[in-house]
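Enquirer: Mind looking at a prediction? Sequence and model below.
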Amino acid sequence: MSEATIISLMKKAGTRSVILDLSCALRGLRASPFFTFVAVTTLTLGIAFSGIVFSVVNSVLLRSLPYPDAHQLVILQTQERQGRVLEDLTASAFFSVRDHATSLENVAAICPFDAGFNLAASR
């Protein structure tokens, strides 16, 4: 027997084996409908959950912000001498950065809650 004939027979046997395995699996699933229901439901929920997690990760972490040159945006924070980072930048610190920073093209500040005002300035 030539090598090509042996490979051809192995492929046919492999295909037959897969078909037999699938028919056996389908017979088993038909024999126990409750297990089939649980398995299909589990697979459905797992696939749906994976899609939801990907959508959230994509929108929050992977996609860039909807601003021109979003890779150049920075967040400024103040830091105490002990090293603790303060969340908010004071108005006086904002005006100081706006007036003296030479490496920033524009400076703007927002208030994360509804305070009724926003500080914004451009050079």
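Expert: Arrived safely. Numbering: from 1, shown residues only.

Enquirer: in this protein, which spans are strands?
Expert: Assigned by DSSP state E, the strands in the chain fall at 78-79, 85-86, 106-108, 120-122.

Enquirer: Could you single out the most deeply buried of those strands?
Expert: Ranked by mean neighbour count, these are led by strand 106-108 with a mean of 14 (mean count of other CB atoms under 10 Å). Every C-beta, even on glycine, is put in place using the N, C-alpha and C of the backbone.

Enquirer: Which neighbouring elements make contact with it?
Expert: Counting contacts by 3 or more CB pairs under 8 Å, 6 or more residues apart in numbering; DSSP states H and E, strand 106-108 is packed against helix 91-100, strand 120-122.

Enquirer: returning to that earlier point: of the strands of the chain, which is nearest Ala93?
Expert: strand 78-79 (5.8 Å; CB to CB).

Enquirer: who's in contact with that closest one?
Expert: Here strand 78-79 makes contact (CB atoms under 8 Å, 6 or more residues apart in numbering) with 85-86, 88-90, 93.

Enquirer: Save those residues as JSON lines, and put in pLDDT and distance to Asn58 too.
Expert: Formatted as JSON lines, the contacts of strand 78-79 follow (pLDDT from 0 to 100; distance: CB to CB, whole Å):
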{"residue": "Val85", "pLDDT": "74", "distance to Asn58": "28"}
{"residue": "Leu86", "pLDDT": "70", "distance to Asn58": "32"}
{"residue": "Asp88", "pLDDT": "71", "distance to Asn58": "30"}
{"residue": "Leu89", "pLDDT": "75", "distance to Asn58": "30"}
{"residue": "Thr90", "pLDDT": "76", "distance to Asn58": "35"}
{"residue": "Ala93", "pLDDT": "81", "distance to Asn58": "35"}
